[in-house]
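Undergrad: Structure of the sequence below:
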Amino acid sequence: MTPPAPPKHIAVIMDGNGRWARERGLPRSAGHRAGAESVRECVEGCKEMGVNFLTLYAFSVENWSRPQSEIDTLMKLLERFLREKSREMMEWNVRLKAIGRLHLLPAPCRKALDEAIALTATNEGITLTLALSYGGREEIADAAAALAQDVLEGHLDPQDITPATLSSRLYTSGIPDPDLLIRTSGELRISNFLLWQISYTEIIVLRKNWPDFKKSDLIEAVAQFQRRRRRFGSVDPAPSAP
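TA: Numbering: from 1, shown residues only. Down below sits the predicted model:
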């Protein structure tokens, strides 16, 4: 019997870095640094299982309200991650993308991001998308504004706006909706992440914090996904007559 296919697209809310550090009496920055290794484990696991797209919630628009010292640390860690991992992404045939209000990122961080995206643009393996300065409501508002501008300029009739039309204006245009969403740290909420795209996404919540996330956790989450029936609002077909 053919085993169920793995999800084509996995999205991850990487939660619990600060909690992990606090439990160990360490500064929050230590948790963010430890979480970088879990990113590597996640990418490697997805590649091995044949997952085509991986989207990581790295920094939300709400995160800008954190103490400036923590924001500065996070941006420096992101810049370092991008510069240090670019060569590894080339070796692994990873194509990097980013979604969010990227213009809000500090200039050095944005430069490192743009360079990494350009460097990996022709890679044909897994697409790794970092959600940075990202918010689901903000994404939908930006898409609506783009549609409104098209209508104002006479390029689009309001009657022609469909879910597919709006999807084409989202940051994730060209990327399929996630099949599986994983959240660490045990919190039971979406946190303004991919609100439009996860309409029929399977959700798995893990109690462990993100720095403790290993490839084995990803494999188990995918196994759970494969045991589920995805009906997309329909019902199971009636059993055949004997």
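Undergrad: Pull the residues that contact the longest helix seen in the chain.
TA: Using DSSP state H, we find that the single longest helix of the chain is helix 68-91. Here helix 68-91 makes contact (C-beta atoms under 8 Å, 6 or more residues apart in numbering) with 28-29, 32-33, 36, 39-40, 58-59, 63-64, 94, 96, 105-106, 108-109, 112-113, 115-116, 119-120, 123, 128, 132. No exception for glycine: its C-beta is placed from N, CA and C like everyone else's.
Undergrad: Which members of those residues are positioned in strands?
TA: Counting by DSSP state E, the contacts of helix 68-91 place 58, 59, 96, 128, 132 in strands.
Undergrad: Now distance to residue 11, pLDDT and neighbour count too, for the residues you listed, in JSON lines please.
TA: Shown next, in JSON lines, are the ones in strands among the contacts of helix 68-91 (distance: C-beta to C-beta, whole Å; pLDDT from 0 to 100; neighbours: other C-beta atoms under 10 Å):
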{"residue": "58", "distance to residue 11": "12", "pLDDT": "96", "neighbour count": "22"}
{"residue": "59", "distance to residue 11": "15", "pLDDT": "97", "neighbour count": "23"}
{"residue": "96", "distance to residue 11": "16", "pLDDT": "98", "neighbour count": "21"}
{"residue": "128", "distance to residue 11": "11", "pLDDT": "98", "neighbour count": "25"}
{"residue": "132", "distance to residue 11": "14", "pLDDT": "98", "neighbour count": "24"}
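Undergrad: residues in contact with residue 92?
TA: With C-beta under 8 Å, 6+ apart, residue 92 has these contacts: 43, 44, 47, 125, 126.
Undergrad: So among these, which ones count as buried?
TA: When these are checked for burial by 16 or more other C-beta atoms under 10 Å, the buried set is 43, 47, 126.
Undergrad: Where does the first one sit: helix, strand or coil?
TA: Same thing as residue 43. For residue 43, the assignment made with DSSP: H, G, I helix; E, B strand; the rest coil gives helix.
Undergrad: With adjacent residues omitted, what lies nearest to residue 7?
TA: For residue 7, ignoring the flanking residues on the chain, the nearest one in space by C-beta to C-beta, 6 or more residues apart in numbering is residue 179 at 3.5 Å.
Undergrad: This completes my enquiry, with thanks.
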